[in-house]
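S.K.: based on what follows, work out the 3D shape:
(2 chains)
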Protein chains: 2
Amino acid sequence: MKAAYYVGNKSFRVEEITTPPPGPDDVQIEIAYCGICGSDMHVYHGDMDWRVGDHRIIGHEMSGAIAAVGANVTGFAVGDRVVARPTVSCGACAACQRGYGHVCQNLSILGMDADGAFQQTWNAPAANLHRIPDALTMRQGALIEPVAVAVHCVNRGAVEAGEDVVVIGGGPIGLLVALVARERGGNILISEPGAFRREIAEAYGLDTVDPRSADIKAAVGERTGGKGADVAFEVSSTQAGVDAMTDVAAVRGRIVMVAIHTKKPAVDMFRLFATELEIIGARVYEASDFDVAIELLASGRIDCERMITSVAALDDIGSAFADLDGNAAAMKTLVRCGVWNE
Amino acid sequence: MKAAYYVGNKSFRVEEITTPPPGPDDVQIEIAYCGICGSDMHVYHGDMDWRVGDHRIIGHEMSGAIAAVGANVTGFAVGDRVVARPTVSCGACAACQRGYGHVCQNLSILGMDADGAFQQTWNAPAANLHRIPDALTMRQGALIEPVAVAVHCVNRGAVEAGEDVVVIGGGPIGLLVALVARERGGNILISEPGAFRREIAEAYGLDTVDPRSADIKAAVGERTGGKGADVAFEVSSTQAGVDAMTDVAAVRGRIVMVAIHTKKPAVDMFRLFATELEIIGARVYEASDFDVAIELLASGRIDCERMITSVAALDDIGSAFADLDGNAAAMKTLVRCGVWNE
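M.R.: Next up is the predicted model:
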């Protein structure tokens, strides 16, 4: 079978390898699609070489069907359509013992700390599986993971009906955060400099602002009668986004830090103090976030189809990453790893 | 009567002025003592000139006795021993209307935005008064305000019994935060580079660490079995303190930002994200925080007497500020404004 290895230096190499059998607690999944995540782009740029090395199958936004089950696995059978939550906790650390296994002190993320899904078949722990409902295609199934990220972020922000929400950064995760927050009843504004991404957001019926041409603080003030945003999500990974997150927040506003900031940004701790803001970290998801994400997609309350702007063949993964890199006219790229066409 | 004016450039001028009568909703308070607050030191250094100008009576950590009451005032009489909460809200802004008047968008702080208590008599709103119980001296009464700050901080951090707490910075507010958090059942460690301040903390039975000679992250890890601090308070106003606050926090730990950072520090937003931390701003207090502070002091559960390292005459306010500035062998200085000796 084919497997795409990240080999450092913005490069992938597709290798022909022997298909390994699943371990006793694993299932072997024939991968249908696997999306390219923002964290995969960090890998591509070499920011995660310390963690992934130079011969790693990355990828974790997958959908597929079970091809074989390990000896100890019950409740799943060959042919079942599934996604695998890619987080593996140690169960023993202080965080796990306090019930925060999803942010385990020794967290292993499949597709990062171990091999992932940019390959034709993948062995994943049966304990991490969620079923893809009949209502969803395999393409849509590959969006379950990023929707689960958004669900977790909105939970961390505790968005309530009627609250004013600003999402800073309108890429795939920002857009999904906006859609999930709107489902909770939030009044959403997306701040996004890219015209193409603003257009997609507007096609979803979301209000947008271009922070390069508008004063975002003033825009939020106007929308909220001078109050500011009850909840702001920083999804831009930029210093400008970090500046905006404290600027737009209401007194006692909550700021959810979704973005990965590989360098420490300067943060307005005076404003945080003076207006009693909260900045709340949000990482990955819990199993229940996957369940909610699946329900939001299967019910049609969130339609992710128009976010998929490109589908690439596994053999073309290198050019798929290159095409997506800094591409203002792209949103979500899926890599097609198997035989499914939808 | 005498009033001490901050006149810019690290200088005060004591002037003889006419005693103004109280307004209809005010009381006239004969000031006994007024402590020098960290924010007063910021004024002294010129950081607040944009706000206080160059002819302002500062000071808000006061105790005194009512000398006259305004026409509309009920419930208070001449001779009553009182403190006045120095925060005045507009009542009309979005924050006030949402119940956050203490962080009003137009908050006026007496002794900062209007004249304060470094004078012999002071007119303050009757609505802001709290009685000093018989159990407390006037000296102790002047500590009610900083204890209320600490109560508010500990409330914002939601410290619970058995939790591991790290207080970064062992000045007056850091020490009071530690004492209040200990009253809530927290296991406290104070990180403080100054030997004199560590000695005072240790005299209160608190554990301390010198962050200049010890690895504070390792020290907290050892105390907590690798978990880290459930709650960290940043009270140091330093970049090193901001670095430490994210380093020492447990997964899902809460960080309370007490310190005033006039410049934006670099904050480890990756660690905040990866371990799902929260940074929570804490400013001033609500009326209920004053009530709790008074109870903690009057019951003897918090003994602030040994924090008072100096008492200066009002005429000597300039040298009192100069002596306190950067003085590693000082904690709390009171300015004696009236006739009380205790």
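S.K.: quick one: what helix or strand has residue A:189 in it?
M.R.: Following DSSP states H and E, one finds residue A:189 within strand A:187-191.
S.K.: roughly how far does residue A:246 sit from chain B?
M.R.: 9 Å (CB to the nearest CB, to the nearest Å). Every residue, glycine included, has its C-beta placed from N, CA and C.
S.K.: which parts of the stretch 1-150 of chain A sit against chain B?
M.R.: With the criterion set to CB under 8 Å from any CB of the partner chain, the stretch 1-150 of chain A comes near chain B through A:93, A:94, A:95, A:98, A:100, A:103, A:105.
S.K.: need those residues in TSV with distance to residue B:50 and pLDDT, can you?
M.R.: Formatted as TSV, the residues of the stretch 1-150 of chain A next to chain B follow (distance: CB to CB, whole Å; pLDDT from 0 to 100):
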residue	distance to residue B:50	pLDDT
A:93	48	97
A:94	45	96
A:95	44	97
A:98	45	96
A:100	43	98
A:103	41	98
A:105	45	97
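S.K.: give me the buried subset of the residues you listed.
M.R.: Buried members of the residues of the stretch 1-150 of chain A next to chain B, counted by 16 or more other CB atoms under 10 Å in any protein chain shown: A:93, A:94, A:95, A:100, A:103, A:105.
S.K.: most widely separated two among those residues?
M.R.: A:94 and A:103 (11.1 Å; CB to CB).
S.K.: circling back: which of the residues of the stretch 1-150 of chain A next to chain B fall in strands?
M.R.: Using DSSP state E, no member of these sits in strands.
S.K.: need the three-state assignment for residue A:140.
M.R.: helix (DSSP: H, G, I helix; E, B strand; the rest coil).
S.K.: I'd say it and residue A:307 touch.
M.R.: No - taking contacts as CB atoms under 8 Å, residue A:140 lies outside contact range of residue A:307: 10.2 Å.
S.K.: comparing those two, which residue is more hemmed in?
M.R.: residue A:140 (22 against 19; other CB atoms under 10 Å in any protein chain shown).
S.K.: mind listing what's buried along stretch A:57-77?
M.R.: Quick answer for stretch A:57-77 (16+ other CB under 10 Å): A:57-70, A:73.
S.K.: so where's the stretch 1-150 of chain A uncertain?
M.R.: Within the stretch 1-150 of chain A, no range satisfies pLDDT under 70.
S.K.: how many neighbours does residue A:298 have?
M.R.: 16.
S.K.: dihedrals phi and psi, it?
M.R.: phi -70, psi -30 (degrees, to the nearest 10).
S.K.: how much space between it and chain B?
M.R.: Distance from residue A:298 to chain B, by CB to the nearest CB: 28 Å.
S.K.: and the pLDDT for that residue?
M.R.: Note on residue A:298: pLDDT of 98.
S.K.: same question for the one 10 residues further on.
M.R.: On the pLDDT scale, residue A:308 is placed at 96.
S.K.: then the one 10 residues further on?
M.R.: pLDDT recorded at residue A:318 is 98.
S.K.: A helix includes it, no?
M.R.: Yes - with three-state DSSP as the criterion, residue A:318 is located in a helix.
S.K.: that one - how many residues pack around it?
M.R.: Neighbour number of residue A:318 under other CB under 10 Å is 18.
S.K.: tell me the contacts of the spatially closest residue to it that is not a sequence neighbour?
M.R.: Leaving aside its sequence neighbours, residue A:318 sits nearest to residue A:12 (CB to CB, 6 or more residues apart in numbering or on different chains; 4.5 Å). Residue A:12 makes contact with A:4, A:5, A:6, A:118, A:317, A:318, A:321 under the criterion CB atoms under 8 Å, 6 or more residues apart in numbering or on different chains.
S.K.: which strands and helices sit next to the strand holding residue A:189?
M.R.: strand A:164-168, helix A:172-183, strand A:207-209, helix A:216-223 (3 or more CB pairs under 8 Å, 6 or more residues apart in numbering or on different chains; DSSP states H and E).
S.K.: is residue A:197 in a helix, a strand, or coil?
M.R.: Under three-state DSSP, residue A:197 comes out as helix.
S.K.: run through the residues that contact it.
M.R.: A:170, A:171, A:175, A:328, A:331 are the contacts of residue A:197 under CB under 8 Å, 6+ apart.
S.K.: do a quick rundown of the strands in the stretch 201-342 of chain A.
M.R.: For the stretch 201-342 of chain A, the strands defined by DSSP state E, counting those that start in this stretch occupy A:207-209, A:229-234, A:249-257, A:278-281, A:308-313, A:332-336.
S.K.: may I have the beta-bridge partners of the closest residue to residue A:158 other than its chain neighbours?
M.R.: Distances taken as CB to CB, 6+ apart place residue A:254 nearest to residue A:158, at 6.8 Å, with adjacent residues excluded. Beta-bridge pairing for residue A:254 (DSSP bridges): residue A:231, residue A:278.
S.K.: my read: residue A:254 touches residue A:230, true?
M.R.: Yes - between residue A:254 and residue A:230 there is a contact under CB under 8 Å: 7.0 Å.
S.K.: show me the contacts for the spatially most central residue of chain A.
M.R.: Residue closest to the average C-alpha location in chain A (CA atoms, centre = their mean): residue A:146, at 3.4 Å. Residue A:146 makes contact with A:35, A:37, A:61, A:172, A:173, A:176, A:332 under the criterion CB under 8 Å, 6+ apart.
S.K.: ok, so of these, who is nearest residue A:43?
M.R.: Checking the contacts of residue A:146 one by one against residue A:43 (CB to CB), the nearest turns out to be residue A:37, at 9.1 Å.
S.K.: what count of nearby residues applies to that closest one?
M.R.: With other CB under 10 Å as criterion, residue A:37 counts 24.
S.K.: list the contacts of it.
M.R.: Counting by CB under 8 Å, 6+ apart, the residues that residue A:37 touches are A:60, A:61, A:145, A:146.
S.K.: biggest separation within the residues you listed, which pair?
M.R.: A:60 and A:146 (9.9 Å).
S.K.: and residue A:40, what helix or strand is that in?
M.R.: helix A:38-44.
S.K.: next one: stretch A:164-180 to chain centre, how far?
M.R.: 11 Å (CA atoms, centre = their mean, to the nearest Å).
S.K.: close to chain B, is that stretch?
M.R.: No - Stretch A:164-180 is not in contact with chain B by CB under 8 Å from any CB; minimum separation 10.5 Å.
S.K.: what's the angle from the helix or strand hosting the residue nearest to the centre of chain A to strand A:332-336?
M.R.: Element membership for residue A:146, per DSSP H and E: helix A:144-157. Interaxial angle of helix A:144-157 relative to strand A:332-336 (axes from the mean of the first three to the mean of the last three CA atoms, to 10 degrees): 140 degrees.
S.K.: which of the buried residues of stretch A:57-77 lies closest to chain B?
M.R.: residue A:60 (16.1 Å; CB to the nearest CB).
S.K.: list the contacts of that closest one.
M.R.: A:34, A:37, A:86, A:109, A:110, A:111, A:112, A:116, A:117, A:145.
S.K.: what about 6 Å?
M.R.: Neighbour list for residue A:60: A:86, A:110, A:111, A:116 [criterion: CB atoms under 6 Å, 6 or more residues apart in numbering or on different chains].
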